[in-house]
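> Sequence isn't available, so here's the structure alone:
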Ligand SMILES: Cn1c(SCC(=O)Nc2ccccc2)nc2c(=O)[nH]c(N)nc21
């Protein structure tokens, strides 16, 4: 299980790897203007790489329910300088968290290696941009849109409906010219799911890992932890590591987290148990 990256590099996914979250929206950096945010972002990325992150996921637009939409030029102004700096300074894998075709193209041009789209390439031009970019893509399930998705999530059978959506999107990508080996699937924890839906997806995660595509799981600090335990964002480490451990045990190959150091340690325990210390 390997992804082909630009510049003849490859990403081996025979074991789970940790993806560190680098959020470049202004609300994610408390102080200062654009340069302070840029500088803080590079320091945070360096720390995550030191802590064992294999992929850095860079996002310029928040998908939190109720977050304001960001125009493409602003999203690009946030992500491109950081991608270029990371590409110059580190030998790491960079994923661009975006749904916009223009941002996908410019981010890959600037050095991004993977497209991570929470809207599964359904926005106008996104599928064509991903085909042209010739990089691996992560297709994530979302029911509805960020603004409204958590009002009343409904499913007859959340596992089969999410799985069917992902396999349909994967087929559309393959028919458009994206190689099957370059497709990553993701059930989209917290994106149009109730607390129960999230834990049924977690319980059945092996079914997604067995679909023939590498599986990405992102539960770090999310409301499926906050609502369960009634704890604030900065107290969700232990439960986030528990979610990562459960996902790795069920075959997830990319684990998207804020707390890289602790997650890398937990995933190392899982791989020692599964493949030998
Ligand atoms: C960009 N992106 C996001 S952002 C949402 C988030 O972290 N919310 C959040 C974070 C912390 C606390 C509360 C909510 N989640 C995923 C995911 O689960 N999979 C993939 N592939 N990409 C993703």
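That came through fine. Remember, predicted model here, so these are calculated numbers, not experimental data.
> and residue 62, how many neighbours?
A total of 18 residues lie near residue 62 under the criterion other CB atoms under 10 Å. Where C-beta positions appear, they are placed from N, C-alpha and C, glycine not excepted.
> can you check residue 165 too?
Residues near residue 165, counting by other CB under 10 Å, number 19.
> That one reaches residue 155, doesn't it?
No. The pair residue 165 / residue 155 is not scored as a contact, 10.7 Å apart, by CB atoms under 8 Å.
> Skipping adjacent residues, who's closest to residue 124 in space?
Distances taken as CB to CB, 6 or more residues apart in numbering put residue 101 closest to residue 124, at 6.9 Å, once the chain neighbours are dropped.
> what sits against that neighbour?
Each residue near residue 101 by CB atoms under 8 Å, 6 or more residues apart in numbering is listed here: 123, 124, 125, 126, 128, 129.
> Cross these against helices and list the overlap.
126, 128, 129 (DSSP state H).
> out of those, which are buried?
Of all those considered here, the ones buried according to neighbour count by 16 or more other CB atoms under 10 Å are 126, 129.
> wait, which of the ones in helices among the contacts of residue 101 is closest to the ligand?
Closest approach to the ligand among the ones in helices among the contacts of residue 101 (CB to the nearest ligand atom): residue 126, at 14.3 Å.
> quick one, what contacts the closest residue to the ligand within the chain?
Nearest to the ligand, among the residues of the chain, is residue 218, at 2.6 Å (CB to the nearest ligand atom). Applying CB under 8 Å, 6+ apart, we find residue 218 in contact with 19, 186, 188, 189, 255, 256, 257.
> Could you identify the buried members of those residues?
With burial judged by 16+ other CB under 10 Å, the buried subset of the contacts of residue 218 is 19, 186, 188, 189, 255, 256, 257.
> Pull out whichever of these are also neighbours of the ligand.
186, 188, 189, 256 (CB under 6 Å from any ligand atom).
> got JSON lines for the residues you listed, with pLDDT too?
What follows is these, written out as JSON lines (pLDDT from 0 to 100):
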{"residue": "186", "pLDDT": "99"}
{"residue": "188", "pLDDT": "98"}
{"residue": "189", "pLDDT": "98"}
{"residue": "256", "pLDDT": "98"}
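> Which secondary structure elements does the lowest-mean-pLDDT helix or strand in the chain sit against?
One helix or strand of the chain scores below all others by mean pLDDT, DSSP states H and E: helix 34-50, with a mean of 94. If you count contacts as 3 or more CB pairs under 8 Å, 6 or more residues apart in numbering; DSSP states H and E, helix 34-50 packs onto strand 17-23, strand 55-59, helix 72-89.
> Redo these as TSV? Include mean pLDDT.
As requested, the helices and strands packed on helix 34-50 are exported to TSV (pLDDT from 0 to 100):
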stretch	mean pLDDT
strand 17-23	98
strand 55-59	98
helix 72-89	97
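> Those residues of the stretch 51-200 of the chain touching the ligand, which are they?
By the rule CB under 6 Å from any ligand atom, the part of the stretch 51-200 of the chain lying against the ligand is 59, 63, 97, 116, 118, 138, 140, 186, 188, 189.
> can you rerun that using 8 Å?
Within the stretch 51-200 of the chain, the positions lying close to the ligand (CB under 8 Å from any ligand atom) are 57, 59, 62-64, 97, 116-118, 138, 140, 184, 186-191.
> Show only the entries of the residues you listed found in helices.
Short answer: these have none in helices (DSSP H).
> What subset of these is buried?
By 16+ other CB under 10 Å, those give 57, 59, 62-63, 97, 116-118, 138, 140, 184, 186-191 as buried.
> Name the nearest of the buried ones among the contacts of residue 218 relative to residue 274.
residue 255 (14.1 Å; CB to CB).
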